[in-house]
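Participant: From the sequence below, what's the structure:
(chains A and B)
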Amino acid sequence: MSGLALVAHQFRYDQKTFWRNPAAVFFTVAFPVILLLIFATVFGDQTVDVNGGVETTTYYVPAIITLSVISATMQSLAMSLVIAREDGRLKRSRGTPMPPRVFIAGRIGNSIVVALLMLALIAAIGRVLYGVALPWERLPAILVTLVAGAAAFCCLGIALTAAIPSQDAAAPIVNALLLPLYFLSGVFIPDDQLPSGVIHFADVFPVRHFFEAFFNAYVPAGAGGSGLEWGNLALLAAWGVAGLFLAVRFFRWTPRAG
Amino acid sequence: MPDPVISIRGLRKSYGDIEAVRGIDLDVQPGEIFAFLGPNGAGKTTTVEILEGYRKRGGGEVTVLGEDPEKAGRAWRERIGIVLQSGRLDPYLTVRESLDLYAGYYSEPRPVDEVIELVGLEGKAEARASVLSGGQQRRLDVGMALIGDPELLFLDEPTTGFDPSARRHAWDTIAGLRDLGKTVFLTTHYMDEAQRLADRVTIIARGEVVVQGTLENLGDRESRPATVSFRLPDGVAASELPGQVAAVDGGATVSLSTTTPVATLNELTGWAIERGLDLEGLEVTRPTLEDIYLSLTAEASE
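Facilitator: Predicted coordinates for the structure are as follows:
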């Protein structure tokens, strides 16, 4: 098979194994939907004082899409790669003629496709249940921001595997990193409730930049403009490149335990 | 003689201060099933991983299919198949899907159905790997190593942890590879597995080759002492036994070791007939390969 055909072949099987894995589907697909329903139910009739004031439901739709994208990329990749590594499946595939970059490309493709599906799903639920407008006119900005974020968080997820020693440690390490950042970055608790010191702290990390960029593409402050937040995207890209560098340097194919 | 498929000269590998492999030489010829035997920690897996290109060697020369595994690329990987010792399969893919996924990695794969038949999983083609028994999973694993139609197959402890019937099934599959003309490098710590499958055996212990050869002449089996044993007849003391054998320690069963079993038997039976005694349970046994293996690896770890 040629390079691209081989990536497509790998991607097809990555999709199969993803959709057949109940834990992956629950945490990546069902869990964000549940979170959106909970946040909308609990805080539904309030407004959030950002971008000139938006309804809480309007705030949470892009917030939960942000979480879904990170979940489909960084979280899902870090977990599935560590499990495959410790099972010896990565080592085994390295013993075949398949080039490593094909394998990684298939996994990244899988993550980005799931992230795009989650954009469609959460946006549709937001529209149908809460009347949150679909920002068709800013679709290019939304897609660019989403794919940039997805790519950066894929690199970070692959890099993170190097710090995860075993299958059992995967979920705790990933959650210990991401859950606090969701709280501090405005994903779970609206911006206007967070002390400015917290937001400054969160500004150091990529979750905040991705959320800001995505939020402003989805719910811009004023009319006009492309919806692209170049400052946030640049910082996100810097994190992605750092992740890529660490991934290339420290990613391993052989089991660490045993 | 054709070029060996695998050729190793003076192979060394250390981890820190520990020398795992201390100067191994061996050749594997085309079409043979070669057993690489040794106790745990003998350096087997280190050696195999060097041959498979997973590890860098510390020193020495290694050629596998005419190339240095450290530098060999994709074309070389097309020609080898690997079954790892503790590999688990993707639980969410069926037998057919697992094989099809791997078939895509090779330029000229064998047909998936043919491989399913080869490893005896016809009835399980649509079953997911997670519902297969340990033995069936290992056979699928062998199938995934065969899908690229390799010339050389590495099998690392393929039956460890199997029940006897699963082992026999796996052995039949491996023995069948000989008919396909494959060269098989089999790592094992079971002598009976080597005995059942291999044309030639190399035994290593503590990172060194202890003995190598065919199964018949392994460790000079023919010239090792035989054991003659029988139950001591009632009312006879061990000291009454004829000259050469009298030195054996007593008890209900007498067993003695002799390099001349014919003469020993002659003397013993002559003595018994003279007294009208029967020698119950009389047996002459040669050391088994297992005995030789244990004595050789024990000597090496002294």
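
Participant: neighbours around the residue nearest to B:Leu65 when sequence neighbours are not counted, how many?
Facilitator: Excluding the flanking residues, the one nearest B:Leu65 by Cβ to Cβ, 6 or more residues apart in numbering or on different chains is B:Arg79, at 5.4 Å. Where you see a C-beta, it was placed from the backbone N, CA and C, and this is true even at glycine. For B:Arg79, the neighbour count with other Cβ atoms under 10 Å in any protein chain shown is 19.

Participant: Would you mind measuring from B:Arg79 to B:Leu256?
Facilitator: Distance of B:Arg79 to B:Leu256, computed by Cβ to Cβ, to the nearest Å: 53 Å.

Participant: Can you list phi and psi of the residue nearest to B:Leu65 for me?
Facilitator: For B:Arg79, the backbone dihedrals are phi -100, psi 0 (criterion: degrees, to the nearest 10).

Participant: dump the residue contacts of it.
Facilitator: B:Leu65, B:Pro150, B:Glu151, B:Leu152 (Cβ atoms under 8 Å, 6 or more residues apart in numbering or on different chains).

Participant: Check those against chain A and report the nearest one.
Facilitator: B:Pro150 (10.0 Å; Cβ to the nearest Cβ).

Participant: Could you give the bridge partners of the residue lying closest to that closest one once chain neighbours are set aside?
Facilitator: Once flanking residues are discounted, B:Pro150 sits nearest to B:Gly81: 3.8 Å by Cβ to Cβ, 6+ apart. Note on B:Gly81: beta-bridge partners B:Leu153, judged by DSSP bridges.

Participant: Likewise for B:Ser255?
Facilitator: Beta-bridge partners of B:Ser255, as defined by DSSP bridges: B:Ser229.

Participant: correct me, but it touches B:Ser229?
Facilitator: Yes: between B:Ser255 and B:Ser229 there is a contact under Cβ atoms under 8 Å: 3.6 Å.

Participant: more neighbours, those two?
Facilitator: Higher neighbour count among B:Ser255 and B:Ser229: B:Ser229, with 16 against 13, using other Cβ under 10 Å.

Participant: Just the pLDDT for the more buried one.
Facilitator: At B:Ser229, the pLDDT value in this model is 84.

Participant: cool, A:Ala213 as well?
Facilitator: pLDDT, A:Ala213: 94.

Participant: Tell me where chain A has helices.
Facilitator: Taking DSSP state H as the criterion, chain A carries its helices at A:3-20, A:22-25, A:31-43, A:56-70, A:76-86, A:89-94, A:100-130, A:139-160, A:167-184, A:196-202, A:206-218, A:230-250.

Participant: Skip the chain neighbours and tell me the closest residue to A:Phe211.
Facilitator: A:Thr66 (4.6 Å).

Participant: Tell me the spacing between B:Leu268 and B:Glu67.
Facilitator: Computed with Cβ to Cβ, the distance linking B:Leu268 and B:Glu67 is 59 Å.

Participant: ok, the two, which is more surrounded?
Facilitator: The neighbour comparison of B:Leu268 against B:Glu67 (other Cβ under 10 Å) goes to B:Leu268, with 21 against 15.

Participant: Beyond the strand or helix carrying that one, next helix or strand please.
Facilitator: In this structure, B:Leu268 sits in helix B:261-275 according to DSSP states H and E. Sequence-wise, the next helix or strand downstream of helix B:261-275 (DSSP H and E) is strand B:283-285.

Participant: Which secondary structure elements does that next one sit against?
Facilitator: strand B:226-231 (3 or more Cβ pairs under 8 Å, 6 or more residues apart in numbering or on different chains; DSSP states H and E).
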